[in-house]
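Chemist: Here is a sequence with its predicted model. Questions after.
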Amino acid sequence: MRPRLSSEPSLCLLRGCLILALGAVARVAQAQPAPAPTEPVAAPPIAPPPEPEPPSSGAVEVTIEGERVPDNATTLSRRDIREMPGVLGDPFRVIEIAPSVTPTVSGFPYFFIRGAPPSNVGYYFDGIQVPLLFHVGGGPSVIPPALVQRVDLHLGPYPARFGRLAGAVVEAEITPPPYDWRGEASVRLGDLAAHLEGPARDDLTVFVAGRWAAGVALITALVPSVDLNYGDYQARATYEPRKGDRLSIFAFGAKDYLAAAIDGDEPEVLLDSDFHRLDLRYGHDIEGGVVDTAVTLGVDQSRGLGGVERARDWKLGARASVVRQVSPRAILRGGLDVALDAYEVEHGGEGGTGGIFPDASEGQLDDAFSDLFQSRLDMTVGAWAEATLALDQRATLTPGLRVDHHRSMGETALAVDPKLVGSFGIGEHLRLIPAVGMASQRPGFLPVPALQIAGIPGGLQRSLQTSFGAEVKVGPLELGGTVFRQATFGLTDALGTGRGTELSSSRFLARSLGDAYGVEIGARGALRRDLLFMFSYTLSRTTRERDGFKIPSAFDRTHVLHTALLYDLGRGWRAGVRHMFYTGFPADEAAVGRVTNEHPDRVRPFYRFDVRVSKRWRIGEHGYLSLILDLQNATLSREIIDVTCDAGGCSPRVFGPITLPALGLEAGF
C-alpha cells in the first residue's frame, strides 16, 4: 500500500468526481489575485408553537431514523428547518446536524454515515432514487423545499422497502396536493426559483416549479477561469376520480455544468451532467390498507469526465406495494420492484481528462475507465416483506426481509437481507431501541449520473448493521443515545482506501473490510417558548482492513459536534447560530510491508460558525415577503483536506476558506 495522500490524484479524484466540484471553484478563485400498528398519537413537535404560517409553509417532519421504528418520529416545522443556519433553507441539508454524519469537506453535502462512503448512501424522493441531489456538488437541492413534506434519515438498518445500498438512506416524502392555490418566488445571490400549485378543478391538482442559475454571470465575472450553470424543473398532476383512488404523473429533472482552469491551464470540464424522471403512479385504498403501483422512466447523462466522452443510462423501473393492518396489533407491508438500466458509453473524450487526473496520460485513463464503464443492459429484481407487531402498548417488534437478484455483463448475484428492529418502552419517558440487519450493494463508484461500474466484479458489498439506542423525554427536551457497529465486507471505497497514484480499474475496485463503531448522543427541545436548542455529538472510529493491514479510514474523524440555537425575536424577526466542530483525519498511512500504525498523527481540527437572520412581513391575509441573510462559515475557517508527502516529509494542503453567503428575497401567498 502506498503512503496515503501522496496526493494530487486523490485531491483531484474528489474534485473531478463531484464531491469537491465546487472546491475547484474556490481553489481557482483563491489563485486569482411508515404507520404504526395501533396508530398511536404522534408526539407533539418539540419546538415552541410557531407564529401563524402562510399556506405555502406547512409542517415538515424531519425524522432521524434507523434504530428508530417508524411510529417514533421527531418533528420540526418547515419554518424551523428553513431558519436553521448554514443549511441555506434546504430540507435535505438539515441531515448534516444528525449524529454519525461526517462531511467529506465542510460545506459540501456528501457524507460518510456510520463509516459508509458517499457511494453507499442513497437519496430518494417520493420513492424515486435521485442520482445527483445537489447542484454542482455544493449548491441548492434539485428538489424545491415546497415539494418536501418530510425528510427521513435511515442510519441503518433501513426499512425493507429500500435496498441495494450498503450504507444509509435519505428519504424525502412529497407534499400532498393542496386544497387552495399557493405560490412562492425567491431571488438569491446565485439563482431564481419559483413554484405554483393548486386545484385546477375539484378532482385535479397541479404543481409547477423551476430554478435557473441567473446569478452565475456574476460568479464568472468575478472568477473568469470558472464557467458555471445549473437549473431544474418539476411538474406534478394528481387526479382523484373517486374516493380512494389516486392517479398522478410527476416529472422532474436537473442539469449541471462546471468547468474551471486548474493551476492556470486551459479550462477543464469538472461536471457536465443532467437527469430526467417521469413517474406514473396509481394508488387504491383497500379495507385496512392501501395498494400502490408505479412505473418510472428516466435518463441520466454525463459528458467529458475522465476517459468517458459521454455516458447515458436509459432507465425503466416498476414497483408495487401493499400495506394492510391485519389486526389491531399487526401491520403487514410488502412489495416487488424491478429496475432495467441500458447504458451507452462512449470513451476517449477530449474534455475533462486533465482536470480530473492532471498527472495521468490519456492512455492510462482510457484503460481504467474502459474497464469500469461499458455499454450494457443491467437488471435487478427485488421483493420485500415487513411486519410491525405490537407486543403491548409500549413495545413493538419489526422484522423484515428483502431479496434482490442482480444481473450485469453476464454476472449474477443474489442478496438476502434480513432485518429486525425493536422498540420497548420502560415507564412513561424511556424507550430502548435495539436493531440488527444486513444490507447489500453492487460495487460502488462515486455519485456521478450514468457512471456506474459494469458487471459485479468481486461480488456484492455486504454490510452488517447493529445498534442499541435509548430515548428519554425530560420535560420539553428529548435526549437520545446510541451505541452502533457497522461492518462492511467487500467494501469498495475509492475515497477512504487504496489512494495511490496508480490509475487503473483496480484502484476503484479494491476491496477491504470496513468497520465503524461508536457512540451517538443527541438532544433538542424548547429551552423556552422563543428558543429552540439542538445538539449532536458522535465519538467513533472507522477503519479499513486490506491485505492483512488495518488502517484508519482517510475520513476517520474521532469527534464530530454540532450545536444550534434558533431564536424567535418577535415582530417577524428570527435569528440563529450554529457551531460545527470535528477533529482531523489521519495525517499519514503506513506503507506496504511495514507495521501499520493504527494511531497515526492527525491534521488539525476544523471549526465552523454559521449565522442566519430573517425578517418576514405580512401582505394582506395570506401574502408574505421575507428578507434572508444566511452565512455559512462566517469565521472564514480554512480546512485541511489533504497531505502532500515526498522524500522530505509531509505537509498539509489547506483548502478554502469555503463560505457560502445567501442573501435572498422570498415572496409568496
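Modeler: Done, it's in. Numbering: from 1, shown residues only.
Chemist: Quick check: which element contains residue 85?
Modeler: With the criterion set as DSSP states H and E, no secondary-structure element contains residue 85; it sits in neither a helix nor a strand.
Chemist: Check what pLDDT it gets.
Modeler: Reading off the confidence values, residue 85 has pLDDT 81.
Chemist: Next one: it from residue 124, what distance?
Modeler: Here the criterion is Cβ to Cβ, to the nearest Å. By it, residue 85 lies 26 Å from residue 124. C-beta here means a position set from N, CA and C on the backbone, and glycine is covered the same way.
Chemist: And the two? Which one has more around it.
Modeler: The residue with more neighbours, out of residue 85 and residue 124, is residue 85; 22 against 19, by other Cβ atoms under 10 Å.
Chemist: which residues does that one contact?
Modeler: Under the criterion of Cβ atoms under 8 Å, 6 or more residues apart in numbering, the neighbours of residue 85 are 564, 576, 577, 578, 610, 611, 612, 630, 631, 632.
Chemist: 6 Å - rerun?
Modeler: With Cβ atoms under 6 Å, 6 or more residues apart in numbering as the criterion, the residues that contact residue 85 are 576, 577, 578, 610, 611, 612.
Chemist: Which of these ranks first by neighbour count?
Modeler: Each of the contacts of residue 85 was scored for neighbours by other Cβ under 10 Å, and residue 612 scores highest at 26 neighbours.
Chemist: give me the element it is part of.
Modeler: In the assignment (DSSP H and E), residue 612 maps to strand 606-619.
Chemist: Residue 112 is in contact with residue 555, correct?
Modeler: Yes. Using Cβ atoms under 6 Å as the test, residue 555 is close enough to residue 112 to be in contact (5.0 Å).
Chemist: More neighbours: which of the two?
Modeler: Neighbour totals were compared for residue 555 and residue 112, and residue 112 leads with 29 against 20 (other Cβ under 10 Å).
Chemist: Distance-wise, check the more buried one relative to residue 637.
Modeler: Distance check for residue 112 against residue 637: by Cβ to Cβ, it reads 20 Å.
Chemist: what stretches of the stretch 151-300 of the chain score poorly on pLDDT?
Modeler: Counting by pLDDT under 70, the stretch 151-300 of the chain has low-confidence residues at 215-225, 261-267.
Chemist: residue ranges for the helices of the stretch 151-300 of the chain, please.
Modeler: For the stretch 151-300 of the chain, the helices identified by DSSP state H, counting those that start in this stretch occupy 216-222, in order along the chain.
Chemist: And the chain, by the same measure?
Modeler: Using DSSP state H, the helices of the chain run over 8-16, 21-31, 78-82, 216-222, 353-356, 362-372, 505-509.
Chemist: So for the second one, mean pLDDT?
Modeler: On average, the pLDDT along helix 21-31 is 36.
Chemist: same question, the third one
Modeler: In this model, helix 78-82 carries a mean pLDDT of 57.
Chemist: Also the last one?
Modeler: Mean pLDDT, helix 505-509: 73.
Chemist: Let the chain start at 52 from now.
Modeler: Renumbered: residue one is now 52, and that last one reads helix 556-560.
Chemist: residues near residue 533, how many?
Modeler: In terms of burial, residue 533 registers 25 neighbours under the definition other Cβ under 10 Å.
Chemist: partners of the closest residue to it other than its chain neighbours in the sheet?
Modeler: With sequence-adjacent residues excluded and distances taken as Cβ to Cβ, 6 or more residues apart in numbering, residue 533 is closest to residue 520, at 3.8 Å. Residue 520 forms beta bridges with residue 484, residue 533, as assigned by DSSP bridges.
Chemist: Report how many residues lie close to residue 520.
Modeler: The burial count for residue 520: 21, using other Cβ under 10 Å.
Chemist: next one: residue 525
Modeler: In terms of burial, residue 525 registers 10 neighbours under the definition other Cβ under 10 Å.
Chemist: Strands of the stretch 202-351 of the chain, start to end?
Modeler: Taking DSSP state E, counting those that start in this stretch as the criterion, the stretch 202-351 of the chain contains strands spanning 220-225, 233-238, 243-252, 255-263, 277-290, 296-312, 318-337, 340-356.
Chemist: What distance do you get for the closest residue to residue 283 other than its chain neighbours to residue 182?
Modeler: Closest residue to residue 283 apart from its sequence neighbours, by Cβ to Cβ, 6+ apart: residue 305 at 3.8 Å. Note on residue 305: its distance to residue 182, by Cβ to Cβ, is 9 Å.
Chemist: likewise residue 323?
Modeler: On the measure of Cβ to Cβ, residue 323 and residue 182 end up 14 Å apart.
Chemist: which one of the two has more residues nearby?
Modeler: Summary of the neighbour comparison: residue 323 and residue 182, criterion other Cβ under 10 Å, with residue 182 having more neighbours (23 against 20).
Chemist: Pull the contacting residues for the more buried one.
Modeler: Under the criterion of Cβ under 6 Å, 6+ apart, the contact partners of residue 182 comprise 326, 351, 500.
Chemist: surely the first one meets residue 353?
Modeler: No. Taking contacts as Cβ under 6 Å, residue 326 lies outside contact range of residue 353: 9.3 Å.
Chemist: So for those two, which residue has more residues nearby?
Modeler: Ranked by neighbour count (other Cβ under 10 Å), residue 326 and residue 353 place residue 353 first, with 29 against 23.
Chemist: ok, what's across the strand from the more buried one?
Modeler: According to DSSP bridges, the partner residues bridging residue 353 are residue 324, residue 362.
Chemist: Tell me who's in contact with it.
Modeler: Taking Cβ under 6 Å, 6+ apart, we find residue 353 in contact with 324, 362, 499, 500, 501, 502.
Chemist: got the contact list for residue 615?
Modeler: The neighbours of residue 615, taking Cβ under 6 Å, 6+ apart as the test, are 585, 629.
Chemist: Tell me the confidence at it?
Modeler: Among the per-residue scores, residue 615 holds a pLDDT of 91.
Chemist: and if you look at residue 59?
Modeler: Value for residue 59, per-residue pLDDT: 33.
Chemist: try the one 10 residues further on
Modeler: In this prediction, residue 69 carries a pLDDT score of 33.
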